[in-house]
Structure formats: C-alpha cells, structure tokens
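Novice: sequence below, structure please.
(2 chains)
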Amino acid sequence: GAGVSQTPSNKVTEKGKYVELRCDPISGHTALYWYRQSLGQGPEFLIYFQGTGAADDSGLPNDRFFAVRPEGSVSTLKIQRTERGDSAVYLCASSLSGTGGGETQYFGPGTRLLVL
Amino acid sequence: GDSVTQMEGPVTLSEEAFLTINCTYTATGYPSLFWYVQYPGEGLQLLLKATKADDKGSNKGFEATYRKETTSFHLEKGSVQVSDSAVYFCALNTGNQFYFGTGTSLTVIP
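Specialist: Have a look, this model is predicted:
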C-alpha cells in the first residue's frame, strides 16, 4: 500500500514569507509526528497528533510554527515569518495507534525547506 | 532529559568486514529502542527494534541487544555488503516522544 507522502519535496522561500508543508499519512494511522532534521543531525521532534488533536507540541521551537490535522488524516505544518535558521528537512511520520511501547513509525521522504 | 548518543562517523569498511556502531541512551522509565536506516536518496526506515531489556532485535543480518545495565543498544553485523552503505540512526521512545541520535554514516567499499 501507499506509504507516507509529503509535498512539496523541495521548497525555496524568502526570509519573512509564510510556508505550508503537507503530510499524507498511511491510511488508518491515527498517530502523526512532525520532525525537523538539520544537516548532519538526527530528526528532532516537533509535534505529535493523536487523531485530530495535538497531543504533544512541546517540540515546536516558537510560536511561528503551527500544525493542524483537521480531519485526522492529512496534516499541514505552517511556518510564519520564515527565518534562515528554519532551513532544514521536515519529516513526517505516522504510526498505527501512537500508544508508544515501541510502535513502529513510518517516515515520509521529507520536505527540504530552504529560506534565502 | 532523555537522549541518545551514538558513535560518530563516518565509518568506512571493506566488504565482508565486521560492523559495530555504538549507541548509548539516557532515559527515565523503560524506553523502547530502535535503529533506523536511511539509504542514499531514500527516507528513514526501521531496521530493527527492541522493547524491553535483554531483547535482541534483528533484521537483514543486523543485530542489537537492549542492555539495561550498560544503557546500550549497539548495532552489529558480521559481514557488511556494499548495499549496506547508508546512514544509521539510533533512537529511543518514551511515551509519545522519540529521540534520535545524530546518525552514523557507513560506506562499504568492494
């Protein structure tokens, strides 16, 4: 079946602009995660959704970052007033129930964001 | 806080050599431990996992044992192949959060 998909695959924007990054999880997966991966680093947790609600947004770096999942499937990560330091690969992952205990996460290919 | 420390790379090995990539963790409670792999041009994918102490995860000839006494989850493979060239990430899961190491790049030369 289809895996996690993310669009766009690449996004170039100018400092101060607004961007939206989209994630389509595996069908039926209730848990969805967003991560940010800077060059040479591992993924860094941003936010976790259980269904439609953000169950844990403790990883969002500041209030310029926001994410939604209105119908419990597709999620959008929104970044306002982008800064050059926001340049990174943004990864989305989904899992079946998000109950922890070693449940496997399935990752999308990522969106590479470059802020000029 | 919870964290993962893994061996820095890059690592270059000849085909059929023995591989060890070290990973140690700090966590409250009882985390689950993972190794993810990222092949060139592809997304992260699960390689293996272990959910409790003394469990051994294995896949594609790779193995890792969850050692609570040494807080480690070292990745091993007895004989690497060129196709194993990739970046390997150690990760832990506690509750809803996942913490990843910085990744170790492996290149296997024929």
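Novice: now do the buried residues in stretch A:90-106.
Specialist: Of all the residues in stretch A:90-106, those buried under the rule 16 or more other C-beta atoms under 10 Å in any protein chain shown are A:90-95, A:98, A:100, A:102, A:105-106. Bear in mind the C-beta positions are built from the backbone N, C-alpha and C, glycine included.
Novice: filter those residues down to the ones in helices?
Specialist: Taking DSSP state H, every one of the buried residues of stretch A:90-106 sits outside helices.
Novice: lowest-confidence member of those, which is it?
Specialist: In terms of pLDDT, residue A:100 ranks lowest among those, with 66.
Novice: just checking, next helix/strand downstream of the lowest-mean-pLDDT helix or strand in chain B?
Specialist: In chain B, no helix or strand scores lower on mean pLDDT, DSSP states H and E than strand B:97-100, which sits at a mean of 89. As assigned by DSSP states H and E, the chain's next helix or strand after strand B:97-100 is strand B:104-109.
Novice: mind listing what the strand ranked longest in chain B pairs with, with the direction of each?
Specialist: The longest strand of chain B (DSSP state E) is strand B:86-94. Neighbouring strands of strand B:86-94 in its sheet, by DSSP bridges, are strand B:32-38 (antiparallel), strand B:97-100 (antiparallel), strand B:104-109 (antiparallel).
Novice: rewinding a little: mind putting the buried residues of stretch A:90-106 in a markdown table, distance to residue B:88 included?
Specialist: Converted to a markdown table, the buried residues of stretch A:90-106 look like this (distance: C-beta to C-beta, whole Å):
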| residue | distance to residue B:88 |
| --- | --- |
| A:90 | 21 |
| A:91 | 16 |
| A:92 | 21 |
| A:93 | 17 |
| A:94 | 22 |
| A:95 | 20 |
| A:98 | 25 |
| A:100 | 23 |
| A:102 | 18 |
| A:105 | 16 |
| A:106 | 18 |
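Novice: widest-spaced pair of these?
Specialist: Greatest spacing in the buried residues of stretch A:90-106, by C-beta to C-beta: A:90 and A:102 (24.5 Å).
Novice: alright, I will stop here.
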